[in-house]
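Chemist: how would this look folded up:
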Amino acid sequence: MTTRREGIGRGGARRVGSLAATLLLSAGTAAAQSDVRTFSIPDTRAAAALAERAREHLDAQRWHEALSDLQRLLEHHPNDLLGAERPRAAGRQSQQDVHRGAAEWALEELAELEGEARELYRDQHGHEARTVLERARASGDPRALAALAERWPLTDAALEAAWTLGDVELERGHAEQARLAWGRALRRALKLPAAPRSAAEWARAREAAAAAEAGDGVLRRIDHAQALLARNDPDPGASSRELRLPGPGEAGHGTPSLEASSWPRPFHLPVTHPFRSDRANLHAVRAGETILVSTSMSLLAVDLFSGTLRWTSGEAPGWEDLDDGERGEFFKGIDKAGALIAPAVSQRVAVAALQVPVTQISNQRFNHIPILTVIPNRRMFAFDVESGREVWNHAPRADWDGEQGDFAERMRVAGPPVIAASRVLVPVYRMQGRIDYHVACYALATGELLWSTQLVSGQRELNMFNRHSQGFSAAPLRIEGERVIALTQLGTVAALDLFTGRIHWETLYDQNPLPPRRNHNAPRRTQSWRNAPPVVADGVVVATPVDSDDLIGVDLESGALLWSVRQSKVSDWGRGMRTDVNLLL
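Modeler: Reported below is the predicted structural model:
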């Protein structure tokens, strides 16, 4: 099958007779969707066996063998997970299984080594690490510096790379990222349990660094980090705007007064987008005096004070060749109940996921029974905030076959992007029988892929022909310091490293079972919550998975599931609160 930019309607629909007959005959024997776990995570046996062998070598102080196995985990299993654990946090044991990242575990084991083992590691890898550091410094490549610091963590070059990463981020004007990078370096240098976050923590770290005679260069960076922290805007969204539920201290400044100015007339979005006004699919963000809103077809910039259109990006290439009927064929698989459409905006660049007119199948029915449905293809597009000029895009090539190409070309966008200084992060997926969920991190200035991490391969509702009838909608990511929180909506929530994509942990939660099929349509799973980004408060990730009845709280550090509350209980609390209010009135 080939990619069609010319449309899938007039003159493009395939005949479905023989295919439909075959599928109908096979449907009677197709297995019903099961209520067993409908996802898998990358907890490979190879990584688990390697970690177990490394533990045995460490216990026996066989340093050569232990270091070899730990290094293999870092280099060959960076995105794999270890077996299930039930860690304790906040005085309680996790309610669900937690899988630690294999590389995360290896880094922690290496950090505990002392004396002979540490010197042996430096002898084995110091020269290679130093050579790579010199190249990374010469190019000023943050990706190479971050990777070096975690590939050979006990070498002197790794520590220098961590400090240099902060320097590079600061030179590029990213104060918050610089402070995070310096904090990572300080944690390694002083063996702190965590990187300092508050001004008081930085002050204590400086005292420890001075006592350890860390050197003037280190102390200057600490002083600089404290100064950056002191003058930073207390609003984490001051330099970037995105679809984000506020955490502590992040709420708005109240509602406008009755005297506040307003637009003389409302701004009406173009009617050429596929969403209805009675659904909460489209979310605007503000950047200075500009409001930006994506319709999933184009990005619009509206003047904050007048409500007039400043510029529009226009649609992705290919839509201009289609008539209304052909365009509509691309919208039938949109998840209008769960899709979240919102741009992310920095001071200079706005990024939006726009739909492209690309598919390898046609909408097909047999005797009014849906067989195949075109699943929407969205890709990332970046625009200059002031002018609307396109900066970069990930649109597939005109001759794309649906399989080849680089990562950005092959992956569909599953949710709104988020911006963290020089990086833009987004959940992406491939839909081929199962939904293969990844987190991708791109350079904001160029769209270049910095890293990608696969988290889960899951399943959603299928029709009687074992086909998806609509696109997959994921929650927006949450950036919390150095950590990227991903609510996959496929049975797991995970934390990844912002700089490298390394998995810290991935935690399971109770899913609602996929309902058995009783007719030709894809049955809808019970859904208690709307698709929404997680929030973080007091070190706890609070999330509402759409494939679960539970409101969950997960420890940010360990991944332990601290608590879960059924939606019905939350509803009871809400009714009780309304009763109390009525009594007060």
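Chemist: T526 falls within a strand, correct?
Modeler: No. Looking at T526 with DSSP: H, G, I helix; E, B strand; the rest coil, it is coil, so not inside a strand.
Chemist: please name the residues that touch it.
Modeler: 512, 515, 549 (C-beta atoms under 8 Å, 6 or more residues apart in numbering). Yep, even glycine has a C-beta here, placed from its N, CA and C like the rest.
Chemist: show the buried residues in those residues.
Modeler: Among the contacts of T526, those buried by neighbour count (16 or more other C-beta atoms under 10 Å) are 512, 549.
Chemist: local confidence estimate at A227?
Modeler: As predicted, A227 sits at a pLDDT of 87.
Chemist: C-alpha coordinates for the helix or strand harbouring it, PDB please?
Modeler: Element membership for A227, per DSSP states H and E: helix 216-231. C-alpha atoms of helix 216-231 as PDB (Å, rounded to 0.1, in the frame of the first residue of the first chain):
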ATOM      1  CA  ASP A 216      37.100  27.600  43.000                       C
ATOM      2  CA  GLY A 217      35.400  26.500  39.700                       C
ATOM      3  CA  VAL A 218      32.800  24.400  41.500                       C
ATOM      4  CA  LEU A 219      32.200  27.100  44.200                       C
ATOM      5  CA  ARG A 220      31.700  29.800  41.500                       C
ATOM      6  CA  ARG A 221      29.100  27.600  39.700                       C
ATOM      7  CA  ILE A 222      27.300  27.000  43.000                       C
ATOM      8  CA  ASP A 223      27.200  30.800  43.600                       C
ATOM      9  CA  HIS A 224      26.000  31.300  40.100                       C
ATOM     10  CA  ALA A 225      23.300  28.700  40.500                       C
ATOM     11  CA  GLN A 226      22.100  30.400  43.800                       C
ATOM     12  CA  ALA A 227      22.000  33.800  42.000                       C
ATOM     13  CA  LEU A 228      19.900  32.300  39.100                       C
ATOM     14  CA  LEU A 229      17.600  30.700  41.600                       C
ATOM     15  CA  ALA A 230      17.100  34.000  43.500                       C
ATOM     16  CA  ARG A 231      16.200  36.000  40.400                       C
END
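Chemist: and the contacts of it?
Modeler: The contact list for helix 216-231 (C-beta under 8 Å, 6+ apart) reads 163, 166-167, 170, 175-176, 178-179, 182-183, 185-186, 189, 198-199, 202-203, 205-206, 209-210.
Chemist: picking that back up, out of the contacts of T526, the closest to R241 would be?
Modeler: Set against R241, the nearest of the contacts of T526 by C-beta to C-beta is D549 (32.0 Å).
Chemist: the closest one: what's it in contact with?
Modeler: Contacts of D549 by C-beta under 8 Å, 6+ apart are 510, 512, 526, 528, 566-568.
Chemist: how about those in JSON lines, adding pLDDT, distance to E409 and secondary structure?
Modeler: Converted to JSON lines, the contacts of D549 look like this (pLDDT from 0 to 100; distance: C-beta to C-beta, whole Å; DSSP: H, G, I helix; E, B strand; the rest coil):
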{"residue": "D510", "pLDDT": "94", "distance to E409": "36", "secondary structure": "coil"}
{"residue": "N512", "pLDDT": "89", "distance to E409": "34", "secondary structure": "coil"}
{"residue": "T526", "pLDDT": "78", "distance to E409": "36", "secondary structure": "coil"}
{"residue": "S528", "pLDDT": "86", "distance to E409": "36", "secondary structure": "coil"}
{"residue": "R566", "pLDDT": "92", "distance to E409": "42", "secondary structure": "strand"}
{"residue": "Q567", "pLDDT": "89", "distance to E409": "39", "secondary structure": "helix"}
{"residue": "S568", "pLDDT": "85", "distance to E409": "44", "secondary structure": "helix"}
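Chemist: now, of the residues you listed, which are buried?
Modeler: 510, 512, 528, 567.
Chemist: excluding its backbone neighbours, what's nearest the last one?
Modeler: In space, and not counting its chain neighbours, Q567 is closest to S528: 3.7 Å by C-beta to C-beta, 6 or more residues apart in numbering.
Chemist: tell me which element the residue nearest to W152 when sequence neighbours are not counted is part of?
Modeler: Excluding its sequence neighbours, the residue lying closest to W152 (C-beta to C-beta, 6+ apart) is A129, at 4.0 Å. Of the helices and strands defined by DSSP H and E, A129 is found in helix 115-139.
Chemist: sorry, back to before: which parts of the helix holding A227 are buried?
Modeler: For helix 216-231, by 16+ other C-beta under 10 Å, it's 218, 221-222, 224-226, 228-229.
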